[in-house]
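[1] I'd like to go over a predicted model; first the sequence, then the structure.
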Number of protein chains: 4
Amino acid sequence: MIRVGVLGSSGYTGGELLRLISAHSQMRIEMLSADRRAGNTVEEVFPHLSDLDLPNFVSLENADYSNLDAIFCCLPHGASQEVIPCLPKNIKIVDLAADFRLKDKNQYAEYYDCEHRAIEFQKQAVYGLTELNRESVSSARLVANPGCYPTGPQLALIPLLVEGQIETNIIIDAKSGVSGAGRELKTSSLYTEVGEGVSAYNIASHRHSPEIDQGLSEAANTQIKVSFTPHLIPMNRGILSTIYLNLTEGTKFTHLRENLLQHYEGEPFVHITSEGVVPNTKMVKGSNKCLIGVFNDRVSNRIIILTAIDNLIKGASGQALQNMNLMFGIPETAGLLQLPLSP
Amino acid sequence: MIRVGVLGSSGYTGGELLRLISAHSQMRIEMLSADRRAGNTVEEVFPHLSDLDLPNFVSLENADYSNLDAIFCCLPHGASQEVIPCLPKNIKIVDLAADFRLKDKNQYAEYYDCEHRAIEFQKQAVYGLTELNRESVSSARLVANPGCYPTGPQLALIPLLVEGQIETNIIIDAKSGVSGAGRELKTSSLYTEVGEGVSAYNIASHRHSPEIDQGLSEAANTQIKVSFTPHLIPMNRGILSTIYLNLTEGTKFTHLRENLLQHYEGEPFVHITSEGVVPNTKMVKGSNKCLIGVFNDRVSNRIIILTAIDNLIKGASGQALQNMNLMFGIPETAGLLQLPLSP
Amino acid sequence: MIRVGVLGSSGYTGGELLRLISAHSQMRIEMLSADRRAGNTVEEVFPHLSDLDLPNFVSLENADYSNLDAIFCCLPHGASQEVIPCLPKNIKIVDLAADFRLKDKNQYAEYYDCEHRAIEFQKQAVYGLTELNRESVSSARLVANPGCYPTGPQLALIPLLVEGQIETNIIIDAKSGVSGAGRELKTSSLYTEVGEGVSAYNIASHRHSPEIDQGLSEAANTQIKVSFTPHLIPMNRGILSTIYLNLTEGTKFTHLRENLLQHYEGEPFVHITSEGVVPNTKMVKGSNKCLIGVFNDRVSNRIIILTAIDNLIKGASGQALQNMNLMFGIPETAGLLQLPLSP
Amino acid sequence: MIRVGVLGSSGYTGGELLRLISAHSQMRIEMLSADRRAGNTVEEVFPHLSDLDLPNFVSLENADYSNLDAIFCCLPHGASQEVIPCLPKNIKIVDLAADFRLKDKNQYAEYYDCEHRAIEFQKQAVYGLTELNRESVSSARLVANPGCYPTGPQLALIPLLVEGQIETNIIIDAKSGVSGAGRELKTSSLYTEVGEGVSAYNIASHRHSPEIDQGLSEAANTQIKVSFTPHLIPMNRGILSTIYLNLTEGTKFTHLRENLLQHYEGEPFVHITSEGVVPNTKMVKGSNKCLIGVFNDRVSNRIIILTAIDNLIKGASGQALQNMNLMFGIPETAGLLQLPLSP
């Protein structure tokens, strides 16, 4: 039995980890930290999980690591890089924050308004886009779990860039449910500010942009800078990314589809939709799935790809658990086989 | 392996049965009927379940029962009572329609605008409110699965009526998500007709009223006629029932709570909330749970009880599977242990 | 031109006042206070009202009353009773807070956790349930605007109690959109905590209960204590109240309807729905209307009344403006004739 | 008083016309046709408009045109072109269907699966994008009202193309509320199929694509084919269009903003948002406004423009009334000055 701790566990990604791990036959949660909820029971913080027999929340400074094998870190960026270097060396870590995602410390400083103070750890961190980095994840001690927005587009685009099938002028128009903004108190997350409306935010400046750039550039072996615009949608969960691409000369629509079908053949969580089937976030809600749909545009040589994930699962806690499974050599799908819930 | 067929399986209760049974280690779906979707694949009807390796839908008249052990019948009322009498005798049946719920054929005729034409079968049918009828369900061949609205209030009130703790003037104000209206095309189910609004419907005439009356009257050993008013809420799933009661003389609030706590002690799916915790449908969404909360009103001797269920699970397909598990002598919780999904 | 100031104007009731008064031909907004938004423009606080040519927000202590004829006070309770006694005597005031609604200072202290420190002003305040108190409102200097929940039920029930048509055991089950919780930062108002769920809150203890008691008791000339349970609904605006009543001996359903039809005949904002038409909050959203529907229950001698209002308009800013119109002797409907917006 | 008839008036655009015209001091509705609702009252079809004193619906074949000055035609495409040629010559017409929008009859036939059988009328029809076509509209007898999707993007892009400030490779990613799908019964418009999800539809084939092409091509004086992808959002009203553009050589971001600011200076309904303010459909809901926001992308020389409208008002009935006002020489804003409703 793998003994698990979750740091910063009172938010939505924390709640999802509790839910998923509780259905995992080889992991058991032993410690939960949450500074503002220290002393609270799980029922008080997550009323929907009141059944679970779990320890109460403790403050970070009272966290006891002595009996743990694994830690999921859901602290905010900045805090993550301070805590992780101090954890016992025998503990394997998946960090759901952004601190260890970007290889370029200057880019980190620019986008996250904060110096990186744990560069050495950043170097050993493995980027946990599971399907495309399985081997490195398996042998890692520290995995930087991808951001919610970068997950779908990278899964779709990296195989295409590796094969040189698409040009590098890539536009990603993303639509996210409100849980992506976390459980913090922000006027912009109030029901009344979100319901019955739609808007973009952080235009040209969202923190997930350089993370997407990094993954795509590496795949293309050339510097790519994406156009990435996130939108807030009046729903709880889900990210749909609509991606506009140009084919490289000689490439045809069918080549792309074939490439992706082959690349993800047999994958339990990444699926290319049947021809003509448009991914909808309702098709993945509550599951660890990523759907990818490929479509010809009416403009010649332009392709539209849509990806859909549940931002809290494949975009956060689900992928984190998928990575941890790999790190412990247990089946990658353990605890993650729940089907989507619809309607 | 129990071989299962689902009749009328292209609606929302059908979809939930597919989802739940796919996670069931001792059942396998062998046949799916749906007249209007005959020939379609599961992916075409339920895009979120495209992963499942299941047979295509067939028309009812082409349904082959020869290799089945169990049937879930999701046909509309009226159709159910025509089909079920013709099924092979070795097949166990849970009927999710209303045809076999009411013992009084006149009441059936009055509320469902339709004569009962299978009275004999009605007599052998067992009412499948699992926790309160476990023994009869276990030995039944035909179970009439309760309606979505009657489930929560009956679970809360029957133990209280049996003990004579509450008066019989009972008011039930219920709030349901839109999936309760099914997947049929009705103007009143359009997004634009429901979103950003709330209203009551079928005031004083809803078909679930006599079903509630029947259960409560039997428990109280006297004729009860409830006031039952359903409301439509702009959400997909969930029923919250707010129940207004009067205590019988000598009864105190704590007696009620104690009674319910004892009655449901150890139950996997029915829980009395901690004191002061108000049931919210978000606490049960995606699970087979029924939450019951008991509160003192500001008016003396009046009690307010709230019950919350997921209408498609404990209010339909989940309870149906719970019943079928019992009928086959396998663990009642098989396929039903998914935790609620929130947010 | 009546020169208007709005205190505490950066919340949702403030926004509605700005919107309504801007369409009013005899009022002009001259001053807006909002401590936390002092210095901000209207566009910054209410982006949907960016067109309006209005003064910036000032802090309460910098508010200049010298050129004002009228003040709408949207401060929180407690603050209201401190500010209003200090306003220049020539200014007419509608207070949207709770401070001057309850005649019994002990009840105020009990329900609002706060001593009343302006009893003299409380005595001169007129309760602004416009249709039932028109004369007193017309001659008042200070009007206490009713709470959002008490508005509909009182409009429906007072004429019935005055005529002795209903018993005094009254149950009100209310369903409100989230704007009723205001624009303050509360976890319970986050999109993700509200969306796809429904629950009750403040069971047996909501602050609007004694306000309803007060109005009904006065009408019935006997002490009434209502059972009042508010619920939070995933929508922005609207309150639907489902009211359960018993007829007094000799009274019939048609008597009630006739009474209400006569009582509100010719009223511009209060309407009894056609027989069988169930009020829906979508029928009033964006308007100052109150709809009242009367229905026979299936339980004999029991009546179900439904009332629907837009909580921010007839339940707050619209009724406040209606009162102010009366106080200045201008047409009561001025600025208030917008039709409902649906879908 | 202009006497108005509305054909095909029982849908959402019909309802909006009724609402808007009822607040119009120089128009009066004299006739309403709706085949499926013939004989119904306005209250039966639009419960939120039950106050209005309007004629009942009649079937199209019983429509009496003898006392009308103006007709708004809300019939489906195909029907529109059959009815309009037969209307009395003295009646001015705004057609909200697609029949007279496209100048190229082959394109019409291709996109609308239907031959054009009224080419002569098509030739005299004026395209009613009001702000950019005011003069022609003023003198027209027949105006083809723009589609909901083409309105915002054309208003934003045409001035830029006329000045040669942007390249012609234009990508429009649009997000629409469900009322855009009309009031017809479609599974895809059910609450349960839309709520808590987001998806694209009609990828590369939406009927509004050639309409956008036509307007932009004319402005640029070269053939433009846009990439246009509509998405369905769980909300009732509103369209947000996120538009990705490239600057022509020598053009700077500020040139675009200046151009648009100048172009729409003094316009009552089209506004360029303040720098940094992102248009949100909540800022226009319930109003005839179109907001345009201009943003620099992180990719050099790329610009992101967002436009927001209420699809039922500026995207349909509001713009139709604006056009009709012009056609009768009365103030363009008559009946259209309602402010947005938020939250």
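    Received the coordinates, thanks. Numbering: from 1, shown residues only, chains lettered A, B, ... in the order given.
[2] The most far-flung residue of chain A relative to its centre and residue A:219, how far apart?
    Most distant from the centre of chain A: residue A:250, at 33.5 Å, with distances by Cα atoms, centre = their mean. Remark: distance between residue A:250 and residue A:219 (Cβ to Cβ, to the nearest Å) = 19 Å. Every residue, glycine included, has its C-beta placed from N, CA and C.
[3] go on, residue A:166?
    10 Å.
[4] Over to residue A:331?
    Counting by Cβ to Cβ, the separation of residue A:331 from residue A:219 is 27 Å.
[5] Between these two, which is the more surrounded one?
    Remark: of residue A:331 and residue A:219, residue A:219 carries more neighbours, 18 against 13, as counted by other Cβ atoms under 10 Å in any protein chain shown.
[6] I'd like to know the predicted local confidence at that one, please.
    Here, the pLDDT recorded for residue A:219 equals 98.
[7] Alpha carbons of the longest helix seen in chain A, as CSV, please.
    Of all the segments assigned as helix in chain A under DSSP state H, the longest by residue count is helix A:148-162. Only the C-alpha atoms of helix A:148-162 are listed here, as CSV (Å, rounded to 0.1, in the frame of the first residue of the first chain):
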residue,chain,number,x,y,z
CYS,A,148,-4.8,22.3,-17.5
TYR,A,149,-4.7,24.3,-20.7
PRO,A,150,-1.5,22.9,-22.1
THR,A,151,-2.5,19.2,-21.7
GLY,A,152,-5.0,18.9,-24.6
PRO,A,153,-3.2,21.0,-27.2
GLN,A,154,0.2,19.4,-26.6
LEU,A,155,-1.3,15.9,-26.8
ALA,A,156,-2.8,16.8,-30.2
LEU,A,157,0.0,18.9,-31.7
ILE,A,158,3.3,17.3,-30.6
PRO,A,159,2.9,14.2,-32.8
LEU,A,160,2.1,16.4,-35.7
LEU,A,161,5.1,18.7,-35.2
VAL,A,162,7.4,15.8,-34.7
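[8] Tell me if that helix is near chain C.
    No. Against chain C, helix A:148-162 shows no contacts by Cβ under 8 Å from any Cβ of the partner chain, the least distance being 14.0 Å.
[9] For that helix, which helices and strands make contact with it?
    Judged by 3 or more Cβ pairs under 8 Å, 6 or more residues apart in numbering or on different chains; DSSP states H and E, helix A:148-162 is in contact with strand A:171-176, helix A:208-220, strand A:239-246, helix A:253-263, strand A:290-296, strand A:302-309.
[10] which residues do residue A:166 and residue A:219 both contact?
    Common neighbours of residue A:166 and residue A:219, counting by Cβ atoms under 8 Å, 6 or more residues apart in numbering or on different chains, are residue A:157.
[11] Contact partners for residue A:78?
    With Cβ under 8 Å, 6+ apart, residue A:78 has these contacts: A:99, A:112, A:114.
[12] Name only those of those that count as buried.
    Neighbour counting by 16 or more other Cβ atoms under 10 Å in any protein chain shown classes A:99, A:112 among the contacts of residue A:78 as buried.
[13] okay if I get the contacts of residue A:78 as a markdown table plus secondary structure, distance to chain C and pLDDT?
    As requested, the contacts of residue A:78 are arranged in a markdown table below (DSSP: H, G, I helix; E, B strand; the rest coil; distance: Cβ to the nearest Cβ, whole Å; pLDDT from 0 to 100):
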| residue | secondary structure | distance to chain C | pLDDT |
| --- | --- | --- | --- |
| A:99 | coil | 24 | 96 |
| A:112 | helix | 24 | 95 |
| A:114 | coil | 24 | 90 |
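[14] which bits of the stretch 151-300 of chain A sit near chain B?
    Within the stretch 151-300 of chain A, the positions near chain B by Cβ under 8 Å from any Cβ are A:178-179, A:195-196, A:236-237, A:271, A:273-274, A:277, A:280, A:282-286, A:289.
[15] Out of the contacts of residue A:78, which are close to chain D?
    Answer for the contacts of residue A:78 near chain D: none qualify (Cβ under 8 Å from any Cβ).
[16] Now render the contacts of residue A:78 as JSON lines, adding distance to residue D:205.
    As requested, these are exported to JSON lines (distance: Cβ to Cβ, whole Å):
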{"residue": "A:99", "distance to residue D:205": "44"}
{"residue": "A:112", "distance to residue D:205": "41"}
{"residue": "A:114", "distance to residue D:205": "46"}
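[17] Understood, closing this out.
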